[in-house]
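Peer 1: attaching a predicted model along with its sequence, questions to come.
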Amino acid sequence: MALLACRDVAFAYEGRVVVSGIQLSVDEGDYLCIVGENGSGKSTLVKGLLGLMEPCEGSIAFGDGLKQTEIGYLPQKSATQRDFPASVWEVVTSGFAARSLFLTREQRKTAEENLALLRVDDLRRRSFQELSGGQQQRVLLARALCATQKLLLLDEPVAGLDPVATKDMYEVIGDLHQNRGVTVIMISHDIAAAAKYARHILHLRHEPLFYGTAADYAQTALCRAFTGGDELV
Amino acid sequence: MFDLIGQMFQYSFMVRALVVGLMVSLCSALLGISLVLKRYSMIGDGLSHVGFGALAVAAALGLAPLAVAVPVVVASAFLLLRISERGKIKGDAAIGMISTGALAVGVMSLSLSKGVTTDINNYLFGSILAMSEGDVWLSAALAAAVLVLFGVFYRKLFAVTFDETFARATGLRAALYNTMLAILTAVTVVLGMRMMGAMLISSLILFPALTAMRFCKSFHGVTIGAAAVSITCFLLGLVTSYLYNTPTGASVVVANILAFLLFYGLERLRNGKRAAA
């Protein structure tokens, strides 16, 4: 039984289908990268996986004891957070907000562990808005880990980061996957990095152009066209 | 100083104004933080205009003012929230239509009913004499409800304010807490507007939060800061209005403006120093 399985899933906005024919199966310990250009339907699929949007066709099933609300989500950078007054600790512990009214001792401990895991424990009293882009992403990743330890869904985690912070972020994610056994689904348009780090690749352009292992993907004309600059036939 | 306080509160209307004013200042400051950060500021303003319309109609028909205004304003809060979330008509335009429309209805009904036409100034800009004994009890009860709900759901409100998508993805019922926020705001607006005035009550929602954000960088800090700023400014405004015989609502708002300018200046000064260092 897979953690998450999509059968012939399609999503539509006001009757207009934007993504269709999605067949997916994510097993425990997997690292799936969903790639595609802007407007190819990646963000719509994310909304669907998170349960924020109902599929117009097909079904999404969760298994192995995973509930839809147990996906650790790292959203794309939004503008509203820029001047938001919140400490790092407040942001990280908001990962628990759906579970209980007040912070339990156990939750405190988990939050501290996650901060340490992402090497941002010395920032816990700092203001979130004053951190660098890379630090903010680590804090949001710690928040996602508070919501779950099983499955992370990362929406463009390196967008807007400088090359050093980008490499660092990929390594942090890789470490969580390899050493902590966290299942990862990452949305990206950085195809080169996806082919390098991920185990499986789904290439989207309103419908799947490729779905399989990263090794097979590297052999396709599709991958070469996006990474090497060859014209797509 | 003590003489002044003793003198002020030998009038029972002053005591009532103090009680209701403190409650309303506290509630509006707390709710204001989420409203400002969620870009819902204009909803507070729209609600106060609707509240004015409802109070005026109630007065014209000889009904109990709060009993009419509270449900009407709560219903409008639902509507405004829906409009700004759906966005078929542009949110700001819709709020403008509703608030000026309510204002017109209010003025019409006040001028059609005999004997109350002189009161229009009191409705628009507030009157300290407007508080009856019953108002005080109702205000105290509703304000207590606002404070308890805010305290109990503090972390949920933070999560919904900071990142609604994440909150919904983790199973938090964001719509429920947005609605709660709108209802609490509606109640606070209605409670505060008789004393502060329909035109001025929304500044009690905006100013304390914005002032506190000048010197606090955590949500917890802003919550406490906004409450402190709001209460201090209310007390200063109340004393000023007593001493110089100025309208209470306007005096409190002016105190809030001065506090904002003070902390804005301090922030600029500090940032300038940091940039220079």
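Peer 2: Arrived safely. Keep in mind the model is a prediction, meaning the values are calculated, not measured.

Peer 1: show me the contacts for the closest residue to chain A within the stretch 51-200 of chain B.
Peer 2: For the stretch 51-200 of chain B and chain A, the shortest gap (CB to the nearest CB) falls at B:Gly171, measuring 3.1 Å. All C-beta atoms are positioned from the backbone trio N, CA, C, and that covers glycine. Contacts here follow CB atoms under 8 Å, 6 or more residues apart in numbering or on different chains; on that basis B:Gly171 touches A:Lys67, A:Gln68, A:Thr69, A:Ala98.

Peer 1: B:Met199 against B:Asn121, yeah?
Peer 2: No: with contact defined as CB atoms under 8 Å, B:Met199 does not reach B:Asn121; the gap is 10.5 Å.

Peer 1: so between these two, which is more surrounded?
Peer 2: B:Met199 (20 against 11; other CB atoms under 10 Å in any protein chain shown).

Peer 1: what sits against the more buried one?
Peer 2: Here B:Met199 is in contact with B:Ser48, B:Leu124, B:Phe125 (CB under 8 Å, 6+ apart).

Peer 1: and if we set it to 6 Å?
Peer 2: Residues near B:Met199 by CB atoms under 6 Å, 6 or more residues apart in numbering or on different chains: B:Leu124.

Peer 1: tell me the SS of it?
Peer 2: coil (DSSP: H, G, I helix; E, B strand; the rest coil).

Peer 1: distance of it from B:Ser76?
Peer 2: 17 Å (CB to CB, to the nearest Å).

Peer 1: before we move on, what about A:Ala116?
Peer 2: Taken as CB to CB, the span from A:Ala116 to B:Ser76 is 48 Å.

Peer 1: burial check on residue 102, number of neighbours?
Peer 2: No chain in the question, so chain A it is. 9.

Peer 1: please refer instead to chain B.
Peer 2: The tally of other residues near B:Ala102 (other CB under 10 Å) stands at 25.

Peer 1: and the helix or strand hosting it, which residues are buried?
Peer 2: Assessed by DSSP states H and E, B:Ala102 sits inside helix B:91-112. Neighbour-count burial for helix B:91-112 flags B:Gly91, B:Ala94, B:Ile95, B:Ile98, B:Ser99, B:Ala102, B:Leu103, B:Val105, B:Gly106, B:Val107, B:Ser109, B:Leu110 (criterion: 16 or more other CB atoms under 10 Å in any protein chain shown).

Peer 1: how about residues contacting that helix?
Peer 2: The contact list for helix B:91-112 (CB under 6 Å, 6+ apart) reads B:42, B:46, B:49-50, B:52-53, B:56-57, B:60, B:83-84, B:116-117, B:120.

Peer 1: now for the residues you listed, which pair is the farthest apart?
Peer 2: Across the contacts of helix B:91-112, no pair lies farther apart than B:Ser84 and B:Thr117, at 34.8 Å, counting by CB to CB.

Peer 1: before we move on, back to that, closest one to B:Ala275 out of the contacts of helix B:91-112, please.
Peer 2: Nearest to B:Ala275, judged by CB to CB, of the contacts of helix B:91-112 is B:Met42 at 33.0 Å.

Peer 1: and that closest one, how far is that from chain A?
Peer 2: The gap separating B:Met42 from chain A is 16 Å, by CB to the nearest CB, to the nearest Å.

Peer 1: how many residues are close by that residue?
Peer 2: The burial count for B:Met42: 19, using other CB under 10 Å.

Peer 1: what sits against it?
Peer 2: B:Met42 is in contact with B:Ile95, counting by CB under 6 Å, 6+ apart.

Peer 1: tell me where chain A has strands.
Peer 2: In chain A, the strands defined using DSSP state E lie at A:4-13, A:16-26, A:31-35, A:57-62, A:71-74, A:151-155, A:183-188, A:200-205, A:207-213.

Peer 1: let me have the ones you listed in a markdown table, extended by distance to chain B and mean pLDDT.
Peer 2: Shown next, in a markdown table, are the strands of chain A (distance: least, CB to the nearest CB, whole Å; pLDDT from 0 to 100):
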| stretch | distance to chain B | mean pLDDT |
| --- | --- | --- |
| strand A:4-13 | 14 | 90 |
| strand A:16-26 | 16 | 89 |
| strand A:31-35 | 16 | 92 |
| strand A:57-62 | 13 | 88 |
| strand A:71-74 | 4 | 88 |
| strand A:151-155 | 8 | 91 |
| strand A:183-188 | 13 | 92 |
| strand A:200-205 | 20 | 90 |
| strand A:207-213 | 23 | 86 |
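
Peer 1: redo those strands as TSV? Include distance to B:Leu243 and mean neighbour count.
Peer 2: Output for these, formatted as TSV (distance: least, CB to CB, whole Å; neighbours: other CB atoms under 10 Å in any protein chain shown):
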stretch	distance to B:Leu243	mean neighbour count
strand A:4-13	60	18
strand A:16-26	64	18
strand A:31-35	67	25
strand A:57-62	66	15
strand A:71-74	55	25
strand A:151-155	57	23
strand A:183-188	62	25
strand A:200-205	69	22
strand A:207-213	74	15
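
Peer 1: figure out which of the ones you listed is closest to A:Gly48.
Peer 2: Proximity to A:Gly48, assessed across the strands of chain A by CB to CB, is greatest for strand A:4-13 (5.3 Å).

Peer 1: quick check: can you name the pairing partners of the closest one and their directions?
Peer 2: Strand A:4-13 sits in its sheet next to strand A:16-26 (antiparallel), strand A:57-62 (antiparallel), going by DSSP bridges.

Peer 1: that older thread, A:Ala116 and B:Ser76: which is more packed in?
Peer 2: Set A:Ala116 next to B:Ser76 and count neighbours by other CB under 10 Å: B:Ser76 wins out with 25 against 13.
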